[in-house]
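**Student:** got a structure for you, letters missing:
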């Protein structure tokens, strides 16, 4: 486990799936009306991610799962598939701590980049990633969603 202020980060476990799903539903519900459908993270099979992918789970001092980050391995490297924080715990820097954790983990494993995509209506998310050194490189419709793709060079995860 990695300790960060007010939270512990551990590897996700299969029995975390329901809590991750609940966090994602709360985090992404705000986009349903503008998108006209549920965002992809609300439809994800979290048990499958926990079994097959790299999942970092943040635990609060109250021993409650407060947020998570999912990394998936693809042919072109690792992708941040999802990062979400319980709505009652936003504004405490937990998203940034989770992001730093997965970036540091990737760098320690010898990976030099990380990719992600977000939906075009998630403007706050896009700005958040850009402030953390991610650069947009593509926009396209995929699986019925208008997505914006980002890349970050991991030479300095302190950015």
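**Tutor:** Thanks, I have it. Note that this is a predicted model, so its numbers are computed, not measured.

**Student:** now the strands for this structure?
**Tutor:** Using DSSP state E, the strands of the chain run over residues 2-4, 7-11, 54-60, 65-74, 77-85, 113-119, 135-142, 145-153.

**Student:** Would you mind checking the average pLDDT for the longest one?
**Tutor:** Strand 65-74 shows an average pLDDT of 97 in the prediction.

**Student:** cool, the last one as well?
**Tutor:** Strand 145-153 comes out with an average pLDDT of 97.

**Student:** buried residues in that strand?
**Tutor:** 145, 147-152 (16 or more other C-beta atoms under 10 Å). For glycine as for every other residue, the C-beta is placed from the backbone atoms N, C-alpha and C.

**Student:** Among those, which one lies nearest to residue 123?
**Tutor:** The shortest approach to residue 123 among those belongs to residue 148, at 9.5 Å (C-beta to C-beta).

**Student:** any idea how far residue 117 is from the closest one?
**Tutor:** Per C-beta to C-beta, to the nearest Å, residue 148 is found 6 Å from residue 117.

**Student:** Distance from stretch 125-141 to the middle of the chain?
**Tutor:** 13 Å (C-alpha atoms, centre = their mean, to the nearest Å).

**Student:** from here on, count from 32
**Tutor:** Right, with 32 as the first residue, what we last looked at is stretch 156-172.

**Student:** Next, the distance between the ends of it.
**Tutor:** Taking C-alpha to C-alpha, to the nearest Å, the first and last residues of stretch 156-172 lie 18 Å apart.

**Student:** which of the residues in that stretch are buried?
**Tutor:** When neighbours are counted by 16+ other C-beta under 10 Å, the buried residues of stretch 156-172 are found to be 156-157, 159-160, 163-165.

**Student:** mind putting the residues you listed in TSV, pLDDT and distance to residue 82 included?
**Tutor:** Formatted as TSV, the buried residues of stretch 156-172 follow (pLDDT from 0 to 100; distance: C-beta to C-beta, whole Å):
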residue	pLDDT	distance to residue 82
156	94	26
157	96	30
159	96	28
160	97	27
163	95	28
164	95	31
165	98	28
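
**Student:** Identify the farthest-apart pair in the residues you listed.
**Tutor:** Maximum pairwise distance in the buried residues of stretch 156-172, criterion C-beta to C-beta, is 14.6 Å, between 156 and 164.

**Student:** ok, longest helix in the protein?
**Tutor:** Determined from DSSP state H, the single longest helix within the chain is helix 125-139.

**Student:** Tell me the buried residues in it?
**Tutor:** Within helix 125-139, the residues that count as buried by 16+ other C-beta under 10 Å are 125-126, 128-134, 136-138.
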